[in-house]
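>>> Have a look at this fold, sequence not included:
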């Protein structure tokens, strides 16, 4: 066995293609051309797909049984060697040439037969799809975890009522659980997008060759089953150039980033002294190097900031694809950078946000103090509607009531029944019951509303949605 750090083999180090060239590659071009630092990440997938390809070749009568045994055993050894390799210490062009070089070192001529009928085009497309399928499954688990801690927070806060906001202005009383659950449903939709992207990825390109397919009778359906793909690509030319599934992963990732960013914006606001509805644990906050009193919600701000790069990765990939001619083009070597970055960014961000939510606690007294009677203006209009006053009329009447309270320097709840009756005769002694925020929240008991029973039902729906699959 040779040193795993040895230089690449082949003419001028061009392990898979050097025979055509009479001159060595320029050093500047070699640095641009090399992708090992990027694609080394999926060496396990390359070894796995190579073992499957070897089995397909022996079934097709291209490899002898003895050659296949040597290759399969050799690839096991190669996998062990790759565990200990630092890609910066080898000169191979990419992971495919590195695997093949190590295999030839292990088994000799039989290893040189492995690439029969296969191109780096369909090989790379297969490897990255395998990697992507695993990565999407892992991301789905992180999304479920974040959704689950939000559901737990909602379950603990079903009896708490807080102001709900539109335009960042106090609007109507809602249950705190309803707010928490409002951030769960976007994550449920994100799971749908992730599953769709995983389905797109689960189409096998192996056997497409460089562009025209494989000249040997390999069983592509059998390879697909063995590797966990649900089908094979129907067109070899499209197979080697298709990166739509990566766009779908990046879109799902960008949407997760946007949804997490909106959640984190709420955390920043609600944890501030101006709102004070929520307390974040010390473990997810930082202090100031100058101001000793500061407790900054950095977990939320950092996560909010990550959404920009997630959106940027999507845009980058779309621009990369938009002008490519049919078939494989070397531009596609850069398909992995935005994919890796999106996955890495989410794997870094989602656990931190989930941890912050898991350690957060509502501050009921501050939420009650913020329940200004003005939030019940719609309930006052609904009171008149129940007295057979048309809503458009009741809306105008209550608008005058609000303006009158402002002029008197009091809240609408402090206006007497007589004063209210001056605005409309339908106001009677029972109007005071309107000014109860819990009653207001419970009045909206329709499915999806903020009433007690509706929120309890929604909680179970959210648990079911996160527990699916």
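Now that the structure is in, tell me what you want to look at. Just so it is clear, the model here is predicted, and its values are computed rather than measured.

>>> what ranges do the strands span in the chain?
Remark: strands assigned in the chain by DSSP state E are 161-166, 169-175, 203-204, 231-232, 278-279, 361-362.

>>> With respect to burial, which of those strands scores highest?
Of all those, strand 203-204 carries the top mean neighbour count, a mean of 22, counting by mean count of other Cβ atoms under 10 Å. Yep, even glycine has a C-beta here, placed from its N, CA and C like the rest.

>>> separation between residue 129 and residue 415?
Applying Cβ to Cβ, to the nearest Å, the value for residue 129 to residue 415 is 67 Å.

>>> who has more neighbours, these two?
Shown here are residue 129 and residue 415; by other Cβ atoms under 10 Å, residue 129 has more neighbours (27 against 21).

>>> Can you give me the neighbour number for the nearest residue to that one once chain neighbours are set aside?
Of all residues not flanking residue 129 in the chain, residue 201 sits nearest, at 4.8 Å (Cβ to Cβ, 6 or more residues apart in numbering). Applying other Cβ under 10 Å, we find 23 residues neighbouring residue 201.

>>> pretty sure residue 201 is touching residue 244, no?
No. When contacts are counted by Cβ atoms under 8 Å, residue 201 is not listed as touching residue 244 (9.6 Å).

>>> for residue 214, what are its contacts?
Residues near residue 214 by Cβ atoms under 8 Å, 6 or more residues apart in numbering: 117-118, 207-208.

>>> Columns neighbour count on top of those residues, output as JSON lines?
Formatted as JSON lines, the contacts of residue 214 follow (neighbours: other Cβ atoms under 10 Å):
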{"residue": "117", "neighbour count": "19"}
{"residue": "118", "neighbour count": "24"}
{"residue": "207", "neighbour count": "24"}
{"residue": "208", "neighbour count": "29"}
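
>>> Looking at these, which one is closest to residue 301?
residue 208 (45.4 Å; Cβ to Cβ).

>>> measure the residue nearest to residue 129 to residue 222 for me?
Taken as Cβ to Cβ, the span from residue 201 to residue 222 is 19 Å.

>>> do the same with residue 255
Residue 255 sits 36 Å away from residue 222, going by Cβ to Cβ.

>>> what does residue 179 give?
Distance from residue 179 to residue 222, by Cβ to Cβ: 51 Å.

>>> For these two, work out which one has more neighbours and name it.
residue 179 (24 against 14).

>>> Spatially nearest residue to that one, not counting backbone neighbours?
Leaving out its chain neighbours, the residue that sits closest to residue 179 by Cβ to Cβ, 6+ apart is residue 162, at 6.6 Å.

>>> how about the helices of the stretch 51-200 of the chain, start to end?
Assigned by DSSP state H, counting those that start in this stretch, the stretch 51-200 of the chain shows helices spanning 65-83, 95-107, 109-112, 120-156, 176-182, 184-201.

>>> Go through those helices and name the closest to residue 380.
helix 176-182 (21.4 Å).

>>> Quick one: mean pLDDT for that closest one?
If you average the pLDDT over helix 176-182, you get 98.

>>> What separation do you get for residue 381 and residue 459?
The gap separating residue 381 from residue 459 is 29 Å, by Cβ to Cβ.

>>> now do residue 269
Counting by Cβ to Cβ, the separation of residue 269 from residue 459 is 24 Å.

>>> more crowded one of the two?
More crowded of residue 269 and residue 459, by other Cβ under 10 Å: residue 459, with 19 against 16.

>>> so the more buried one sits right up against residue 151, yeah?
Yes. Between residue 459 and residue 151 there is a contact under Cβ under 8 Å: 6.6 Å.
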